[in-house]
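**Student:** Build me a model from this:
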Amino acid sequence: MSTGEIILSQKLRTKGLVILLSCVWVVVMGVTTYAASVATKSSSTIYVVEAVMTLAIGTAVYFFSSVVASVRNDSDGPALVITYGLSGKVNQVFTHRDIVSGVAARYSFAQMGGYGYRGSLKLLRRAALATRSGDALDLRLTGKRRFIVTVDDPKAFLEALTIAVG
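**Tutor:** Numbers count the residues shown, from 1 in each chain. As a prediction, this is how the structure comes out:
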């Protein structure tokens, strides 16, 4: 296989997450606008909160508007690559050296800890990219870390990572 060849790719279902984030944004805007209208004094704090929340939610909507999970065969072997955003310039890469083992599993909303990107591989040694409940690829990584991503066919991802190694 040539370097950078995509073995398997799936665009994750993020429409519900984007709609949820958009609804949160509408609620935040409504609350801050109402608070600003009833404030007796002009409070710049309300406008700062509104601006920060708009920036944060807008950034999250951008990154979750397109999320693609793929197995790619790079020059140093297979890798699971998660690409975020419409530009595809933000990537999370797990090379075959990072992956100790993996299993296909089913997780509920509660088991995933909610939707979105949960946790931190650096701080908590555990993270999950949950765009829905159900089938997921559960990877054990070096350094006693764990990463879970919801994909339609986790067994196919495991097979693609294994075949590329062999």
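**Student:** and His96, how many neighbours?
**Tutor:** 16 (other C-beta atoms under 10 Å). (Each C-beta comes from the backbone N, C-alpha and C, glycine too.)
**Student:** My guess is it contacts Ala79. True?
**Tutor:** Yes - if you go by C-beta atoms under 8 Å, His96 and Ala79 touch, sitting 6.7 Å apart.
**Student:** Surely Ser66 touches Leu86?
**Tutor:** Yes - between Ser66 and Leu86 there is a contact under C-beta under 8 Å: 5.2 Å.
**Student:** Can you pick out the residue with more neighbours from the two?
**Tutor:** Ser66 (16 against 9).
**Student:** Contacts only, for the more buried one.
**Tutor:** By C-beta atoms under 8 Å, 6 or more residues apart in numbering, the residues touching Ser66 are Lys11, Thr14, Thr83, Tyr84, Gly85, Leu86, Gly88.
**Student:** From Ser37, how far out is the fifth one?
**Tutor:** For Gly85, the distance to Ser37 equals 35 Å [C-beta to C-beta, to the nearest Å].
**Student:** Between those two, tell me which one has more neighbours.
**Tutor:** Gly85 (16 against 8).
**Student:** okay, now the residue nearest to that one when sequence neighbours are not counted: neighbour count?
**Tutor:** Once flanking residues are discounted, Gly85 sits nearest to Phe63: 4.9 Å by C-beta to C-beta, 6 or more residues apart in numbering. For Phe63, the count of nearby residues is 18 (other C-beta under 10 Å).
**Student:** surely Phe63 meets Tyr84?
**Tutor:** Yes - counting by C-beta under 8 Å, Tyr84 is a contact partner of Phe63 at 4.5 Å.
**Student:** Looking at the contacts of Ser66, which one is closest to Cys23?
**Tutor:** For the contacts of Ser66, the residue nearest Cys23 by C-beta to C-beta is Thr14; the value is 14.5 Å.
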